[in-house]
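Student: Below: sequence and its predicted model.
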Amino acid sequence: MSIDLTEDTITKEVQSTFEGCRDGRTRELFVELVRHLHDFARETRLTGDEWFAAMDFLTRVGQVTTPTRQEYVLLSDILGLSVLVDLINEHHGPHATDSTLLGPFFVDGRPSAPNGADISCGVPGTPMFVSGRVLGPDGAPLGGVKVDTWHSDGEGHYDVQQEDRLDGRPAMRALLTTDDDGRFWYRSIAPRYYPVPVDGPCGEIMRAADRSAMRPEHIHFWLHADGYQPLITMLFRRDDDYLEHDAVFAVKRSLVADFVPHGPGTAPDGTEVGEPFQTVDWTFTLSPATPGRRP
């Protein structure tokens with residue numbers, strides 16, 4: 001290893017320390033990461049105080065992050081990196097449903113629910129009936145597809161943001177399975193537009209940039225089926241004022257859906273609803289798994 005390095009020689013010296021990586025992709029990623037980081041520091045003439053501020057910021061991002069609050073994911077989202085990675089990698093073909101980002105509120109420990117279940121866990125709000133159908137690229141229905149779904153409540157809050165109020169119970173999220181006709185359906189409450197969390201370090205970025213923190217109203221879906229590429233996507237309310245001002249850049253026109261309002265009456269599941277309610281219906285199309293592609 002060389003000594004007496006200079007601004008112009010240190011980058012190659014650091015890159016050379018990764019030549020022993022057994023995995024070629026790991027070596028490539030770190031070599032390029034070092035190159036871009038060093039170029040950034042040189043081009044912006046990064047100061048020591050700015051470096052300390054950055055280290056402090058990243059430390060606080062880690063301190064805020066918990067199993068139910070992914071501040072690092074949020075940081076990636078508001079910098080557009082999450083959507084960029086999705087755009088680079090998710091090429092499902094012309095007939096597949098478009099993908100978009102996962103977001104910071106997915107939880108592995110979600111409950112399984114039968115089709116037709118009320119997944120609101122008693123949270124008050126406007127009743128919403130969601131139905132979907134999952135097809136293969138040839139238009140044939142796909143049974144046995146695992147469908148994760150989750151969304152906010154009518155005030156724009158997810159269950160993980162209300163652990164005290166809900167006593168830690170999951171709400172407005174579930175894992176369903178499509179029937180032989182590729183269908184799934186459930187009852188919940190209508191979500192609402194909301195700001196991304198701004199009480200942590202990421203909020204400092206939003207305020208410094210004078211950026212809107214708002215996300216349009218949406219429902220999350222993550223579909224898994226053997227032999228098909230997983231699909232992470234969302235449905236966005238068509239008449240939402242924030243469609244063109246999404247803080248995390250995730251809106252796609254192909255994912256804009258009608259959240260249809262109804263007066264009191266018979267719901268799609270045949271039950272009588274004594275108050276106004278909404279319905280959402282969508283067809284999702286999956287692409288076959290690509291050999292060698294990481295699931």
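Tutor: Received the coordinates, thanks.

Student: In the stretch 101-250 of the chain, where is pLDDT below threshold?
Tutor: By pLDDT under 70, the stretch 101-250 of the chain has no low-scoring segment.

Student: where along it do the helices fall?
Tutor: 163-166, 201-208 (DSSP state H, counting those that start in this stretch).

Student: closest to His38 out of those helices?
Tutor: The closest of the helices of the stretch 101-250 of the chain to His38 is helix 201-208. By C-beta to C-beta, the value is 22.8 Å. Any C-beta I mention is one placed from the backbone N, CA and C, and that applies to glycine too.

Student: Next, the buried residues of the closest one.
Tutor: For helix 201-208, burial by neighbour count (16 or more other C-beta atoms under 10 Å) applies to 201-203, 205-206.

Student: quick one: which of those residues is nearest to Leu223?
Tutor: Out of those, the member with the shortest distance to Leu223 (by C-beta to C-beta) is Cys202, at 28.1 Å.

Student: The closest one is in contact with Leu74, isn't it?
Tutor: Yes: with contacts counted by C-beta atoms under 8 Å, Cys202 reaches Leu74, the gap being 4.9 Å.

Student: what touches both of those two?
Tutor: Here Cys202 and Leu74 have Val196 as joint contacts, going by C-beta atoms under 8 Å, 6 or more residues apart in numbering.

Student: Out of the helices of the stretch 101-250 of the chain, flag the one nearest Thr44.
Tutor: Here helix 201-208 is closest among the helices of the stretch 101-250 of the chain (C-beta to C-beta), at 15.9 Å.

Student: Output that closest one in CSV, but only the C-alpha positions, please.
Tutor: These are the backbone C-alpha positions of helix 201-208, laid out as CSV (Å, rounded to 0.1, in the frame of the first residue of the first chain):
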residue,chain,number,x,y,z
PRO,A,201,-33.4,13.3,9.6
CYS,A,202,-35.1,13.0,6.2
GLY,A,203,-37.5,15.8,7.1
GLU,A,204,-34.5,18.1,7.4
ILE,A,205,-33.8,17.5,3.7
MET,A,206,-37.4,18.2,2.8
ARG,A,207,-37.4,21.5,4.7
ALA,A,208,-33.9,22.5,3.4
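
Student: Having no further points to raise, I will conclude here.
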